[in-house]
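test case, fold it:
(chains A and B)
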There are 2 protein chains.
Amino acid sequence: MVFWNLATLELEEFRPGIMSRAEIGDDLIMVCMEIAPGKEDSGHKHVFDQCGIILEGQMELFIGKERKILKPGQAFFIPSGEHHGWKTFDSPVKVMDISPKQTCE
Amino acid sequence: MVFWNLATLELEEFRPGIMSRAEIGDDLIMVCMEIAPGKEDSGHKHVFDQCGIILEGQMELFIGKERKILKPGQAFFIPSGEHHGWKTFDSPVKVMDISPKQTCE
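Residues are numbered from 1 along each chain as shown, chains lettered A, B, ... in the order given. Okay, here's the model as predicted:
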C-alpha cells in the first residue's frame, strides 16, 4: 500500500522493544517504528545517509558531536559515515525513518 | 544542520508557490516544502522512489490508480516509475519529502 496513516498503521516486532513496518522500493526503505521506553543504541555508523521525523514521544539522538532531544515535528538527517546513536526515556517513541536501499559505491 | 524543527524551519522560494529547504547528502535528499493553495501537478513519473509525510494542511495525491486526500500524520511512498501527481486546496500544505540523490542504474 502506498499510503500510510501513521497513527493507526499496524506494526510487527522487528526486534525486542522495536515494532516496525517497512515499505521497500527500488531505492528507498521507508520505515515506521515504535521504540519502547528505556532503550538505547550507544552508537554506530554506516556508509549511507539516514533521515526521519519524530511522530510521537521524545528521544535523544546524537549525530557526530551534536546531541538533541527530539520531539514530534522534529526531523533529523544522519550523513553517511557519521557516528550516531539514540535513547528513549519513559515513554514509547514513534519515528518515521528513511534510508537508501542500496548505495552505488 | 542535522536537526530540523519543521514548524519553524526557514524556507526559501523553490519555484512560484513552493517554498522549500533541502538537506542533500551522499544518498538522500530530504526536503521540507510548503505548497501554496490552489496548486497542482497533473502527473509525472521518474525512475526513483519518493516518499514523505504530510505535516500541515491537506493535499490530494495520486499514485498510479490510487488517489487519496492526505492529512497530517499520513505518509506516502511513490514507487520508482509510478505515475503520480498532486493538488492543494484552499490552504497551504507543508510536506516532508525524501528522494534518493542518485540511482545506481
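
C-alpha only now, for contacts and for neighbours.
Will do.

tell me the contacts of residue A:24?
In this structure, residue A:24 makes contact with A:30, A:101, judged by CA atoms under 8 Å, 6 or more residues apart in numbering or on different chains.

any figure for the gap between it and residue B:90?
In this structure, residue A:24 lies at 33 Å from residue B:90, with CA to CA, to the nearest Å as the measure.

buried ones in stretch A:60-73?
Residues of stretch A:60-73 classed as buried: A:61-64, A:70-73 (neighbour count, 16 or more other CA atoms under 10 Å in any protein chain shown).

so which of the residues you listed are in strands?
Among the buried residues of stretch A:60-73, the ones falling in strands (DSSP state E) are A:61-63, A:70.

nearest to residue B:46 among the residues you listed?
Nearest to residue B:46, judged by CA to CA, of these is residue A:63 at 31.5 Å.

in space, what's closest to the closest one - neighbours in sequence excluded?
residue A:84 (4.4 Å; CA to CA, 6 or more residues apart in numbering or on different chains).

for that neighbour, report the pLDDT, please.
On the pLDDT scale, residue A:84 is placed at 97.

next, count neighbours for it.
Neighbours of residue A:84 under the rule other CA atoms under 10 Å in any protein chain shown: 20.

show the contacting residues for it.
Contacts here follow CA under 8 Å, 6+ apart; on that basis residue A:84 touches A:42-45, A:61-64, A:78.

now residue A:96
Residue A:96 is in contact with A:30-33, A:52-55, counting by CA under 8 Å, 6+ apart.

mind running it again at 7 Å?
With contacts defined as CA atoms under 7 Å, 6 or more residues apart in numbering or on different chains, the neighbours of residue A:96 are A:31-33, A:52-55.

quick one: which of those residues sit in strands?
Taking DSSP E as the definition of strands, the contacts of residue A:96 contribute A:31-33, A:52-55.

so which of those residues is the closest to residue A:7?
residue A:55 (8.7 Å).

run through the bridge partners of residue A:4.
residue B:75 (DSSP bridges).
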